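J.: sequence and predicted structure, then a few things I'm wondering about:
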Amino acid sequence: MSSGPVLIGFDGGPASQRAVHEAATLFAPRRALAVVVWEAGQAFDLTLLPTRAFDVPLGSPDLRTAVELDKAMYEEAQRLARWGVQLAIDGGLEAEGLVVADDLTVADTLMRLAKERDAAVVVVGTHRHGRLAELLLGSTARSVIERAPCPVLVVRAGE
């Protein structure tokens, strides 16, 4: 196993909270990165949605609102990262947070970071949505498993 950090994808949901807990149980006191991936610029897409959806100019988009919304989304991502770090530290990991704008998808961003940081393991949560979902993984988890340069731990949300 690499001496790199345990890379934990964290979005604040029950599955990612449990993923942090399981990572701490298995890998403490290793170094860990609680990674929150956010979609930079998504607020601008939301602002332009009415004109794109109807292909009719509905006036100029409110760029000030988009900038403020984008900033608020980034601040929320930072808050989530701090929470993920606290959960990891409480579990015995030596953790730090990392907020990263997505490259293409969350999985792509996690894979890039895993390679750059020489991650020992990537830990992600997945959600169970029913019987069929027991056989299938979420798209992020599946993509991480298929492409990870290191072992992957996939953790389901608790019952």
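T.: Happy to help now that I have it. Numbering: from 1, shown residues only.
J.: low-confidence bits of this structure, can you list those?
T.: 41-61, 128-138, 159 (pLDDT under 70).
J.: could you pull out the strands for it?
T.: 6-9, 31-38, 94-101, 121-126, 152-156 (DSSP state E).
J.: out of the ones you listed, deepest packed?
T.: strand 6-9 (a mean of 29; mean count of other Cβ atoms under 10 Å). In short, each C-beta sits where N, CA and C put it, glycine included.
J.: what about that one, distance to the chain center?
T.: The gap between where strand 6-9 is centred and where its chain is centred comes out at 9 Å by Cα atoms, centre = their mean, to the nearest Å.
J.: what of stretch 112-124?
T.: Put simply, stretch 112-124 sits 12 Å off its chain's centre (Cα atoms, centre = their mean).
J.: what does it rub up against?
T.: Stretch 112-124 is contacted by residues 1-9, 16, 19-20, 22-23, 27, 30, 33, 35, 98, 100, 103, 110, 140-141, 144, 148-155 when judged by Cβ atoms under 8 Å, 6 or more residues apart in numbering.
J.: make it 7 Å
T.: Applying Cβ atoms under 7 Å, 6 or more residues apart in numbering, the external contacts of stretch 112-124 come out as 1-9, 19, 23, 27, 30, 33, 35, 100, 103, 110, 140-141, 144, 148-155.
J.: with just CA atoms, put it into CSV.
T.: Taking Å, rounded to 0.1, in the frame of the first residue of the first chain, the C-alpha atoms of stretch 112-124 are listed here in CSV:
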residue,chain,number,x,y,z
ARG,A,112,-6.8,13.0,-10.8
LEU,A,113,-6.3,13.7,-7.1
ALA,A,114,-5.6,10.0,-6.4
LYS,A,115,-2.9,10.0,-9.0
GLU,A,116,-1.4,13.4,-8.0
ARG,A,117,-1.3,12.6,-4.3
ASP,A,118,-0.3,8.9,-4.7
ALA,A,119,-3.3,8.0,-2.7
ALA,A,120,-3.1,4.8,-0.7
VAL,A,121,-6.9,4.2,-1.1
VAL,A,122,-9.9,6.1,-2.3
VAL,A,123,-13.0,5.9,-0.1
VAL,A,124,-16.4,6.8,-1.5
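J.: what's the longest helix along the chain packed up against?
T.: Under DSSP state H, the helix in the chain containing the largest number of residues is helix 63-90. The contact analysis (3 or more Cβ pairs under 7 Å, 6 or more residues apart in numbering; DSSP states H and E) places helix 63-90 against helix 14-27, strand 31-38, helix 42-54, strand 94-101.
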